[in-house]
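> the amino acid sequence is not available; the structure is as follows:
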């Protein structure tokens, strides 16, 4: 399961080896100043934005990796009935 930590002025998402494999991505580090929104989404699949680019995405089951949109990119890690990590930068 992904772990969140604040290190200095950065938010760090530490991924398990399995999450790294699914997302085709290493740990994620973003400046706290880039954080625009934190919310609880009861219907987690609806919070996904943009087009899937890198990683894996099986609708309704798992989406892990980078999604591109006009405003930039999202790193997303969601699984039905399990973990959720969704970062918009």
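Ah, there it is. Treat the numbers as computed from the prediction; the structure is a model and nothing was measured.

> what bridges to the residue nearest to the spatial centre of the chain?
The residue lying closest to the centre of the chain (CA atoms, centre = their mean) is residue 76, at 2.4 Å. Beta bridges link residue 76 to residue 65, residue 86, judged by DSSP bridges.

> that one and residue 65 touch, don't they?
Yes: with contact defined as CB atoms under 8 Å, residue 76 counts as touching residue 65 (6.8 Å). All C-beta spots, glycine's among them, are computed from the backbone N, C-alpha and C.

> count of residues packed around residue 75?
Neighbour count of residue 75, defined by other CB atoms under 10 Å: 21.

> tell me how far residue 37 lies from residue 58.
As for residue 37, its distance to residue 58 is 25 Å (criterion: CB to CB, to the nearest Å).

> and for residue 14?
Going from residue 14 to residue 58 by CB to CB gives 24 Å.

> neighbour-wise, which of those two wins?
When residue 14 and residue 58 are compared for neighbours, residue 14 comes out ahead with 15 against 10, by other CB under 10 Å.

> can you pull the phi/psi pair for the closest residue to the more buried one other than its chain neighbours?
Leaving aside its sequence neighbours, residue 14 sits nearest to residue 3 (CB to CB, 6 or more residues apart in numbering; 4.5 Å). The phi/psi pair for residue 3 (degrees, to the nearest 10) reads phi -120, psi 140.

> low-confidence ranges in the protein?
Scanning the chain for pLDDT under 70 picks out 38-41, 82-89.

> can you pull out the helices in it?
Assigned by DSSP state H, the chain shows helices spanning 17-23.

> just the strands in it please.
With strands called from DSSP state E, the chain shows them at 3-7, 10-14, 28-31, 51-58, 62-69, 72-79, 84-88.

> how close does the closest residue in space to residue 6 that isn't next to it in sequence get to residue 3?
Distances taken as CB to CB, 6+ apart place residue 32 nearest to residue 6, at 6.8 Å, with adjacent residues excluded. Counting by CB to CB, the separation of residue 32 from residue 3 is 16 Å.
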